[in-house]
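Peer 1: heads up, no residue letters with this:
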């Protein structure tokens, strides 16, 4: 089965400059739990738009899950310059996920 994870950037009012601030590690933990739950229910193909925030975090989580499980990550990039104005760290993570899939 297939699951699509999308973001408008509005769900968290995401202007996250420090992912270690309170609430972000908790959000990521809940995302890991939900992705694992979906995988256990038979979802083995995931689509993300790789926007910074929830989709990028989910891409990293799914990439880690795929190291030991038969999981497919697909990336639908809305436009080629998507990460152009991101800070370097976020852009590197974006390209790392693309390179691995």
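Peer 2: Nice, thanks for sending it over. Only a predicted model underlies this, so the values are computations on that prediction, with no experimental measurement involved.
Peer 1: just the helices in this protein please.
Peer 2: For the chain, the helices defined by DSSP state H cover 24-40, 54-66, 88-100.
Peer 1: Of the ones you listed, flag the one that's most buried.
Peer 2: helix 54-66 (a mean of 20; mean count of other Cβ atoms under 10 Å). Every residue, glycine included, has its C-beta placed from N, CA and C.
Peer 1: and that helix with helix 24-40, angle?
Peer 2: 50 degrees (axes from the mean of the first three to the mean of the last three Cα atoms, to 10 degrees).
Peer 1: Taking helix 88-100 as reference, get the angle to helix 54-66.
Peer 2: Using the same axes, to 10 degrees: helix 54-66 against helix 88-100 is 50 degrees.
Peer 1: just to revisit the earlier point, I'd like the helices of the chain written out as CSV, with mean pLDDT added.
Peer 2: Listed next are these as CSV, based on pLDDT from 0 to 100:
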stretch, mean pLDDT
helix 24-40, 92
helix 54-66, 93
helix 88-100, 88
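Peer 1: List the residues that contact residue 1.
Peer 2: Residue 1 sits next to 41-45 when contact means Cβ atoms under 8 Å, 6 or more residues apart in numbering.
Peer 1: Same check on residue 94?
Peer 2: Applying Cβ under 8 Å, 6+ apart, the residues contacting residue 94 are 50, 52, 56, 82-83, 86.
Peer 1: I appreciate the help and will end here.
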